[in-house]
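In: Let's see this in three dimensions:
(one chain, ligands or ions: 1)
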Amino acid sequence: MSFVSAVAPQACKRCLYTTDHPLGLTLDAEGICSGCRIHEEKDTLDWELRWRRLEELVQPHRSRAGNYDCIVPVSGANDSYFIVHTVKERLGLNPLLVTYNKYFNTPLGIRNLANLRIRFNCDILVQNVNPVSVRAITRASLRQFGSIYWPCIAGQTVFPVQTAVRYRIPLIVWGAHQGLEQVGMFSHEHEVQMTRRYRKDHDLMGHEADDLLGIFDTLREDHIWQYRYPDDQELHAAGVTGIYLGNYVRWDPKAQHEQMMKLYDYRTASSSRTFDCYDHVDCYNFIDLHDQIKLYKHGYSKVTDHACREIRHGRLTRVQGLALVRKYEHASPRFAGLFQEWLGVTASSLQFLLDQHRNPRCWDAAEPGQWVFRGASTREPGAETDAAPAIPARAHFQATDPWPTDNAKYIVIGKGYP
Ligand SMILES: [Zn+2]
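Out: Just a heads-up that it's a prediction; the model follows:
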């Protein structure tokens, strides 16, 4: 259960994050948050110099022995195209793409992933963990942590590392570091690399695979072993290093996605819960039910992440960002029914479980089943009913495809494209 502090959270004067951000965030004397301050580095650092630094860093990894040069974790969305474009076309490396199948795939995600492999002419390794284990873990982590996404996040972050060890390909290239991008946990100049510790503490809510065995008597060794992070000895023996491109390239996901749409026909779809239709189009849950749970647990959802990012890049004002947050954050998930069917739970039992995880700092139980929202956006001036300000063209996101509605169905194993 969440800890209720008497100290009221304070909002950044520039973006919309508050001191309640789960990754930890501080405000300076001017009331500007650490994330906004680190973002300022994007306009002061010498990015040509940083690019040369990246070239030096990858140079020893160019394979002369008939192996791949590096591993790139990908999906049918996020920043996959941009990362592969940078690694293969700009750095001239030969990557092995790896992807963890989260089973909640949309047709567009399957299409984007196949198109990625074909356009860049890359080899790809797909991890399909047996669905019985995935369901068992999801059921347990939903009950205990209020998370339907633990196996997806664990799988996405561990499979590339396991592959690095197994195939002796020590370099893993990731996109941006979330702790740097959102809350300014580090400077770009720290050149932070992938660590077991960050993954456990922040990605996995403090619980690695083996910890689950101690918490849940419903889980067994054969459910969790695929999610086990290699031990330090294995990592050292293989010399595994994970780097983040965001430390060397001026990271701007909107501009990057638009470039990828033009160059490689990356396709996008509009969501009911945010204005950014470029990310997460590969999954029925991430920007849907999983995002509603984020609002329950943290009092804000993905649309706030997107608004903060766009404010920092100067494409939205704070008022425009807030209006977008209020417009989207309470939209009902469209695909919760698919998840109920997949997990074998009823709508009311799922809702009951999720209500247990509402953060008391952000939600008041008025009467049984009646909740009043007290999240970050409600503490800002203006009301949800105020007329929304016009959104400038520079902040416009373009959806190329519709989300499937009538025949929506998880594509468990996608056969590819065309
Ligand atoms: Zn800020």
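In: Nearest residue to residue 257 in space, please, no chain neighbours.
Out: residue 278 (4.0 Å; CB to CB, 6 or more residues apart in numbering). No exception for glycine: its C-beta is placed from N, CA and C like everyone else's.
In: quick one, what contacts that neighbour?
Out: The contact partners of residue 278, by CB atoms under 8 Å, 6 or more residues apart in numbering, come to 77, 253-254, 257, 268, 397.
In: how about the residues of this protein that lie near the ion?
Out: Residues of the chain that fall close to the ion, judged by CB under 5 Å from the ion: 12, 14-15, 33, 36.
In: returning to what we had before: what about the contacts of residue 278, which one has the most neighbours?
Out: In terms of neighbours by other CB atoms under 10 Å, the contacts of residue 278 top out with residue 77 at 26 neighbours.
In: low pLDDT regions in the protein?
Out: 1-6, 384-385, 418 (pLDDT under 70).
In: now with 80?
Out: Along the chain, the model assigns pLDDT under 80 to residues 1-7, 64-65, 383-388, 404-406, 415-418.
In: Please, where are all the strands along it?
Out: For the chain, the strands defined by DSSP state E occupy 70-73, 95-100, 123-127, 171-174, 241-244, 363-367, 370-373.
In: In a markdown table: those strands, plus distance to residue 114 and mean neighbour count.
Out: Output for the strands of the chain, formatted as a markdown table (distance: least, CB to CB, whole Å; neighbours: other CB atoms under 10 Å):
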| stretch | distance to residue 114 | mean neighbour count |
| --- | --- | --- |
| strand 70-73 | 16 | 25 |
| strand 95-100 | 11 | 24 |
| strand 123-127 | 9 | 14 |
| strand 171-174 | 21 | 23 |
| strand 241-244 | 26 | 21 |
| strand 363-367 | 41 | 12 |
| strand 370-373 | 40 | 12 |
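In: which one of these lies closest to residue 414?
Out: strand 123-127 (9.3 Å; CB to CB).
In: The closest one - contacts with which helices or strands?
Out: Contact here means 3 or more CB pairs under 8 Å, 6 or more residues apart in numbering; DSSP states H and E; on that basis strand 123-127 packs against strand 95-100, helix 150-166.
In: Out of the ones you listed, which one sits most buried?
Out: Across these, the average number of neighbours (mean count of other CB atoms under 10 Å) peaks for strand 95-100, which reaches a mean of 24.
In: Give me the sheet partners of that one and which way each runs.
Out: Counting by DSSP bridges, the strands paired with strand 95-100 are strand 70-73 (parallel), strand 123-127 (parallel).
In: Which among these is found nearest to residue 330?
Out: Once those are compared by CB to CB, strand 70-73 is nearest, at 32.4 Å.
In: got a list of contacts for the closest one?
Out: Contact with strand 70-73 is made by 58, 61, 80, 83-84, 87, 93-100, 156, 159-160, 163-164, 167, 169, 171-174, as judged by CB under 8 Å, 6+ apart.
In: need the strands paired with strand 95-100 in CSV with distance to residue 363, can you?
Out: Compiled in CSV, the strands paired with strand 95-100 are given as follows (distance: least, CB to CB, whole Å):
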stretch, distance to residue 363
strand 70-73, 34
strand 123-127, 36
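In: distance of residue 20 from residue 8?
Out: 9 Å (CB to CB, to the nearest Å).
In: Neighbour count for these two, which is higher?
Out: residue 20 (21 against 10).
In: can you pull the contacts of the nearest residue to the more buried one once chain neighbours are set aside?
Out: Nearest residue to residue 20, sequence neighbours excluded (CB to CB, 6+ apart): residue 9, at 4.0 Å. For residue 9, the contact set (CB under 8 Å, 6+ apart) comprises 18-20, 361, 376, 379.
In: Residue 189: which of those residues is nearest?
Out: residue 19 (24.7 Å).
In: I figured the closest one was touching residue 31, is that so?
Out: No: using CB atoms under 8 Å, residue 19 makes no contact with residue 31, being 10.8 Å away.
In: Identify the residue of the stretch 251-400 of the chain closest to the ion, quick one.
Out: Using CB to the ion, the closest approach of the stretch 251-400 of the chain to the ion is made by residue 308 at 6.5 Å.
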